[in-house]
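**Student:** Got a sequence here, can you model it:
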Amino acid sequence: MHLKKKSWFSSLLSFAAYCKGKIIASVIFSVISVTAGLIPYLSVYKILEAFIQNRIDTETIFTWSGIAAGAYLIKTLFFGISTALSHISAYVILEKLRLLVADKFLRAPLGEVTAKPIGEIKNMIVDKIESIEPPLAHVIPEASGNLVLPLISILILAAIDWRMALASLVTVPLTMIPFSMLMKSSGNNYEKYMKSSNTVSSVIVEYIEGIQVIKTFGQTGRSYEKFSNAIVDYRKFILDWMSSTWVTMKLCVALFPSTLLGALPVGLLLCVKGTLTPAELCLCIMIAMSMVGSLAHLEVFMNEIKQMGFIIHDTQSFLDMPELPQPAGPAPLNGFDVRLSGVRFSYTGKEKDEVLHGIDLHLPQGGFTALVGPSGGGKSTMAKLIARFWDVTGGNITIGGTDIRDMPLSQLSSLVSFVTQDNYLFQCSLLENIRIGNPGATDGEVRAAAKAAQCDGFISKLENGYDTPAGEAGSRLSGGEKQRIAIARMILKNAPIVILDEATAFTDPENEDKMQRSISELTRGKTLLVIAHRLSTIKNADNIVVLKDGGILAQGKQEELLPGCPLYREMWKAHIGAKAWTVSQRKGAGAHV
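**Tutor:** The predicted structure is shown next:
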């Protein structure tokens with residue numbers, strides 16, 4: 001069924017629902033503010049009328065001056081309140097939007113998230129959502145007030161003389177011509193602007209994140225040229241756009257204030273004929289001129305509304321990413337064994353792109369299962385499917401007899417610990433980085449997990465120890481040390497199912513044996529799945545599964561696979577040969593010391 005695309009205004013209203021009361025109050029205060037701004041004109045009119053009629057006195061001057069001052073105070077005060085409420089609302093909405101997008105990333109399939117360039121994601125969450133703040137904080141309340149002011153002004157002019165009301169609007173139709181041209185140009189170029197902005201952000205992030213690779217492979221010139229060309233193209237586009245709208249923009253600015261050209265001659269003519277008194281003429285001119293600022297603001301607001309529409313549309317596209325379906329309540333489990341039945345998977349959803357072909361595998365509770373095989377065989381994909389980073393395209397995966405699609409993501413997350421060779425440290429202390437495994441853990445429990453993961457030694461050598469910020473420590477930690485921090489998280493989480501995807505790939509030989517013993521001890525009784533290229537680390541596994549081209553080639557204990565599986569035998573020979581070569585190299589290096 002084709003669903004109707006949600007309009008950006010509908011999206012805005014749904015976002016604004018978080019602060020509905022404050023936004024309505026902001027609009028009301030804004031309308032009162034601009035209405036109060038007309039009262040000083042009435043005060044001037046009354047004083048001028050008294051002066052012309054020769055009945056001016058001190059009381060009249062002070063009374064109407066006081067009323068004007070009071071009205072100006074109300075205007076300023078209410079405008080301040082309106083602005084404060086709108087800014088509070090804007091930042092609450094920005095907060096909610098960022099949290100909604102972040103939450104969507106957690107609920108969406110991993111492929112949907114990773115398919116979006118990191119620069120585009122950064123541009124959306126940081127820059128684009130932030131740029132909604134000025135329109136939200138100013139357009140909604142101020143546009144309401146500036147829309148009401150011309151209407152009230154026209155009514156006042158019509159009450160004095162209907163011809164003055166028409167005369168004050170005589171140039172508005174002329175202004176609509178360049179204004180419509182300006183809006184059309186903005187509409188045509190804004191989509192290109194958003195794409196150009198995303199491109200620049202992606203190139204900048206790519207350049208900064210890849211600076212080490214760029215330097216290592218001597219690609220400084222080529223990469224910088226790509227970086228610089230993206231910025232130059234962006235600048236050229238912006239300048240060309242501004243140049244193309246310069247004339248129409250100036251025409252709009254020039255024609256809006258010309259309401260005086262209609263009001264002044266018509267007013268003078270009516271005054272000469274005696275239809276208007278001189279005081280009424282002055283009041284009409286002041287009221288007509290009061291519309292100029294409001295109409296000019298509306299022009300700016302229309303452009304900002306156009307911009308906000310594009311940004312909200314892009315934000316909504318993030319929020320409309322498909323989610324992994326999940327039930328509301330936890331599912332009952334009968335143990336923690338994992339079973340894959342007829343599992344098929346394609347990253348694109350198309351059968352021709354299938355990477356797993358009907359996998360049947362049982363991971364018994366308390367058992368140690370290992371996945372081995374050539375690169376690209378589907379080992380990591382299978383592990384990620386168990387953690388439900390994606391949903392299978394065929395078959396099913398169960399934990400304790402329950403399909404993982406029938407349990408909430410939070411429940412599944414609590415059951416599975418997943419450690420990969422790519423480990424990320426968050427911008428907080430190393431202590432808090434490890435505590436991510438169990439946010440409720442005490443400092444003592446965190447340190448115990450770190451010791452079990454062989455982290456305590458290198459962390460203690462840092463100047464601030466466990467309180468060292470990850471950013472500061474990051475440049476000094478090796479890949480193996482970062483992996484051990486990730487393993488400490490896993491130990492602290494203490495989940496019943498543990499998946500290790502090359503989790504000790506960067507660990508040095510001196511610590512690898514200690515790490516393996518620690519992991520074996522701490523995962524006893526758990527459902528353990530290990531993906532490894534170092535076959536010596538999984539030689540004692542209860543079941544070694546040889547995966548090739550998305551299918552299971554063989555499985556069994558090592559003593560069964562060596563004589564019965566030629567591929568495993570060749571992998572083992574290659575591993576033993578590489579290990580022997582490494583040992584001889586180290587001995588040779590030691591002899592030359």
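
**Student:** quick one, helices of the stretch 251-400 of the chain?
**Tutor:** Counting by DSSP state H, counting those that start in this stretch, one finds helices in the stretch 251-400 of the chain at the ranges 259-272, 278-319, 379-386.

**Student:** ranking these by burial, who's on top?
**Tutor:** helix 379-386 (a mean of 21; mean count of other Cβ atoms under 10 Å). C-beta coordinates here come from the backbone N, C-alpha and C atoms, glycine included.

**Student:** what's the distance between that one and the middle of its chain?
**Tutor:** Relative to the centre of its chain, helix 379-386 is centred 26 Å away, using Cα atoms, centre = their mean, to the nearest Å.

**Student:** name the helices or strands packed onto it?
**Tutor:** Taking 3 or more Cβ pairs under 8 Å, 6 or more residues apart in numbering; DSSP states H and E as contact, the helices and strands that helix 379-386 lies on are strand 338-346, strand 354-363, strand 368-372, strand 416-419, strand 497-501, strand 527-531.

**Student:** dump the residue contacts of Val338.
**Tutor:** His362, Leu363, Ile386, Ile397, Thr398, Ile399, Ile497, Thr527, Leu529 (Cβ atoms under 8 Å, 6 or more residues apart in numbering).

**Student:** Buried members of those into ChimeraX, please.
**Tutor:** Buried residues within these, by 16 or more other Cβ atoms under 10 Å, are selected in ChimeraX with:
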select :363,386,397,398,399,497,527,529
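
**Student:** related to what we said a few turns ago, out of the helices of the stretch 251-400 of the chain, the one nearest Met176 is which?
**Tutor:** helix 278-319 (10.6 Å; Cβ to Cβ).

**Student:** tell me the angle that closest one makes with helix 259-272.
**Tutor:** Orientation of helix 278-319 against helix 259-272 (axes from the mean of the first three to the mean of the last three Cα atoms, to 10 degrees) gives an angle of 150 degrees.

**Student:** can you redo the helices of the stretch 251-400 of the chain as a markdown table with mean pLDDT?
**Tutor:** Conversion of the helices of the stretch 251-400 of the chain to a markdown table gives the following (pLDDT from 0 to 100):
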| stretch | mean pLDDT |
| --- | --- |
| helix 259-272 | 83 |
| helix 278-319 | 76 |
| helix 379-386 | 91 |
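
**Student:** and Asp240, which of those is closest to it?
**Tutor:** Taking Cβ to Cβ, helix 278-319 is the member of these nearest to Asp240, at 17.4 Å.

**Student:** Okay, buried residues for stretch 77-89 please.
**Tutor:** Phe78, Phe79, Ile81, Ser82, Thr83, Leu85, Ser86, His87, Ser89.

**Student:** Which neighbouring residues are in contact with the spatially most central residue of the chain, exactly?
**Tutor:** Nearest to the mean C-alpha position of the chain, counting by Cα atoms, centre = their mean, stands Ile125 at 2.9 Å. Contacts for Ile125 (Cβ under 8 Å, 6+ apart) come out as Arg98, Val101, Ala102.

**Student:** so how far is Leu169 from the nearest residue to Cys271 once chain neighbours are set aside?
**Tutor:** In this structure, Cys271 finds its nearest non-sequential neighbour in Leu281, 4.6 Å apart by Cβ to Cβ, 6 or more residues apart in numbering. Note on Leu281: its distance to Leu169, by Cβ to Cβ, to the nearest Å, is 18 Å.

**Student:** again, but for Asp240
**Tutor:** 35 Å.

**Student:** With Ser33 instead?
**Tutor:** Ser33 is 23 Å from Leu169, by Cβ to Cβ.

**Student:** Pick out whichever of those two has more residues nearby.
**Tutor:** Shown here are Ser33 and Leu169; by other Cβ atoms under 10 Å, Ser33 has more neighbours (23 against 17).

**Student:** any idea which helix or strand carries the more buried one?
**Tutor:** In this structure, Ser33 sits in helix 20-36 according to DSSP states H and E.

**Student:** And for Ala554?
**Tutor:** Assigned by DSSP H and E, Ala554 falls in strand 551-556.

**Student:** partners of that strand, with directions?
**Tutor:** strand 543-548 (antiparallel) (DSSP bridges).

**Student:** Leu562 contacts Met571, doesn't it?
**Tutor:** No - counting by Cβ atoms under 8 Å, Leu562 stays clear of Met571, with 10.2 Å between them.

**Student:** The two - which one has more neighbours?
**Tutor:** Met571 (18 against 15).

**Student:** Okay, domains of this structure per the record?
**Tutor:** According to automatic domain parsing, the chain comprises the domains 8-319, 338-424+482-591.
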